[in-house]
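Q: What follows is a protein structure lacking sequence information:
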Ligand SMILES: O=C(COP(=O)(O)O)[C@H](O)[C@H](O)COP(=O)(O)O
């Protein structure tokens, strides 16, 4: 059966970063699974439906490698499909309702993070953020509305300039934002009271994978004794890291940095575009989740609570084991 055009459009949107940011990617993945189920027109055979859904799941997961929110969203839906029995109509309903539940919980989590995180922002604070994170923005906007924030420094976040999205997002809520180049972070850090950033993936040791440059921001903050907060929903914690798997770092096309003509002219120059980096737990003061604020060292507790059920399967065969067992094709 053909993959519905709308699902292909979402997959393409994630790949090309029209849909970007770990939370949005996760919600778009759940939406894609939902649309796929609603548009299934294959044989009236539960086995065929499961195979079809597994193709969609594989397609969605393959779009971007780093943010664990993406496979976690897919696991959330597909695991429930794997456990369910019934005819095609019943299985479709399971996919649709779990996808909707994931999206709703994800949006609620962002709001809760805003409320919980805002309590940690000092009065009259100058805050610095990097990239565009809806979770970090939720903390900043809530704290601003509480009258706590006087100014936000937002980095440009080269080469994709997500800082411009942050600028627009925060400005729309009245937050005074100053854009700075990424290279000005150390210069400006003396004026900053707190750093708030988002996360794509959090490892079991509390290391945070986020937009390239986050680790430099955290290092500079550490040097200046400025606190660093990471705002992240619990579906950004990576179950695979419980058994020591590394988080893959995405390398994006060099043309995001320099035009193709430049590359053609300078054939002897290699242009690298790593999209994410790893900030060690020592450089993070706290992680703000929808369940509360934790020190990064407690990441393992969040993982055991949220994904403890999957631990045996992960040990037996890694992440693929959970995704592919029963429901998905290898
Ligand atoms: O690194 C990025 C986005 O990278 P990209 O633009 O390459 O997707 C964001 O900080 C996190 O995804 C968290 O965002 P959110 O809090 O919105 O999930």
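A: Sure thing, it's come through. Predicted model, so just to flag it, every value in this text is computed and none were measured. Residues are numbered from 1 along each chain as shown.
Q: list the contacts for the residue of the stretch 201-330 of the chain found nearest the ligand?
A: Nearest residue of the stretch 201-330 of the chain to the ligand: residue 211, at 3.4 Å (Cβ to the nearest ligand atom). Where you see a C-beta, it was placed from the backbone N, CA and C, and this is true even at glycine. Residue 211 is in contact with 130, 131, 157, 162, 197, 198, 200, 275, 276, 277, counting by Cβ atoms under 8 Å, 6 or more residues apart in numbering.
Q: check those residues against the ligand, which are close?
A: Near the ligand, taking Cβ under 6 Å from any ligand atom as the test, the members of the contacts of residue 211 found are 131, 162, 198, 200, 275.
Q: Closest one of those to the ligand?
A: The closest of these, once distances to the ligand are taken by Cβ to the nearest ligand atom, is residue 198, at 3.0 Å.
Q: ok, for that closest one, nearest residue in space, not its chain neighbours?
A: In space, and not counting its chain neighbours, residue 198 is closest to residue 133: 2.4 Å by Cβ to Cβ, 6 or more residues apart in numbering.
Q: Quick check: residues of the stretch 1-150 of the chain near the ligand?
A: Proximity of the stretch 1-150 of the chain to the ligand, by Cβ under 6 Å from any ligand atom, involves residues 20, 21, 22, 23, 24, 67, 131, 133, 134, 135.
Q: Give me the neighbour count for residue 270.
A: Using other Cβ atoms under 10 Å, residue 270 is surrounded by 8 other residues.
Q: Also residue 261?
A: Neighbourhood size, residue 261 [other Cβ under 10 Å]: 9.
Q: let's number from 766 now, not from 1
A: Sure thing, new numbering starts at 766, so read that last one as residue 1026.
Q: pull the longest strand from the chain.
A: strand 914-920 (DSSP state E).
Q: rewinding a little: so what's the residue of the stretch 966-1095 of the chain closest to the ligand scoring on pLDDT?
A: At residue 976, the model reports a pLDDT of 98.
Q: In this structure residue 797 contacts residue 772, no?
A: Yes: here residue 797 lies in contact with residue 772, judged by Cβ atoms under 8 Å, at a distance of 4.9 Å.
Q: okay, and the common contacts of those two?
A: Shared contacts of residue 797 and residue 772 (Cβ under 8 Å, 6+ apart): 821, 825.
Q: on that earlier part again, kindly reformat the residues of the stretch 766-915 of the chain next to the ligand as CSV containing distance to residue 991.
A: Formatted as CSV, those follow (distance: Cβ to Cβ, whole Å):
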residue, distance to residue 991
785, 27
786, 24
787, 24
788, 25
789, 28
832, 26
896, 18
898, 18
899, 23
900, 19
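Q: Select only the buried ones of these in PyMOL?
A: In PyMOL syntax, the buried subset of these is picked out as below (16 or more other Cβ atoms under 10 Å):
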select buried, resi 785+786+787+788+789+832+896+898+899+900
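Q: The residues of the stretch 766-915 of the chain next to the ligand in helices, which ones?
A: Judged by DSSP state H, those include 787, 788, 789, 899, 900 as members of helices.
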